[in-house]
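Enquirer: No letters, just coordinates:
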């Protein structure tokens, strides 16, 4: 599986070789296509990216290494289209934020120095939020694993009977049978 660092490196190489405005536009379109796939994972129509669609041909596939990028995200090329198999959705999810953040930065570069600084701050905040979320998820998994171990351990330990049954003090209670009273008739004997 390609890591988000490898995706970022590939995006940086592509960006150096392309017109900044065209690159930002292509990443924006790619982000929208990937968002549709993520939001609708069971709809097959979103998993097909056709090279013959005019908008995609002029805005997405005009980037020379776009096919390589799509392949690295888990898409497979079938004739004039790219298709994302269900088993590759995890790879796409792992790399989605990298593409989104690279798009924000690329658009910031196109819009000027001030916008680029704002874009850098947005990306930094989102990356920090992502790190915090991942840390919380790891802690949650750790706690759930400990709970599972505790349940398993408890199931192996035989519970002891209550000590209250063995007490030698308190009221000396006797049952009807111990007194010789028949439960059915209520008479002794």
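Expert: Sure, I can see it. In this text, all values refer to a predicted model and were calculated from it rather than measured experimentally.
Enquirer: got a list of contacts for stretch 57-75?
Expert: Residues outside stretch 57-75 that contact it (CB atoms under 8 Å, 6 or more residues apart in numbering) are 2, 6-7, 10-11, 13-14, 17-18, 22-23, 25-26, 29-30, 33-34, 49, 51, 77, 82-85, 88-89, 91-92, 95, 99. Placement of C-beta: from N, CA and C, glycine included.
Enquirer: Give the buried residues for it.
Expert: 59, 60, 61, 63, 66, 69, 70, 72, 73, 74, 75 (16 or more other CB atoms under 10 Å).
Enquirer: Repeat that for stretch 43-50.
Expert: 46, 47, 49.
Enquirer: Next, count neighbours for residue 103.
Expert: 23 (other CB atoms under 10 Å).
Enquirer: Was I right to think it contacts residue 27?
Expert: Yes - with contact defined as CB atoms under 8 Å, residue 103 reaches residue 27; the gap is 3.8 Å.
Enquirer: pull the longest helix from this structure.
Expert: Scanning the chain for the helix with the most residues, using DSSP state H, yields helix 113-156.
Enquirer: So which bits of the next helix or strand after that one are buried?
Expert: Remark: after helix 113-156, the chain's next helix or strand is helix 176-179, criterion DSSP states H and E. By 16+ other CB under 10 Å, helix 176-179 has no buried positions at all.
Enquirer: so of the contacts of stretch 57-75, which ones are in strands?
Expert: Those of the contacts of stretch 57-75 mapping onto strands are 49, 77, 82, 83, per DSSP state E.
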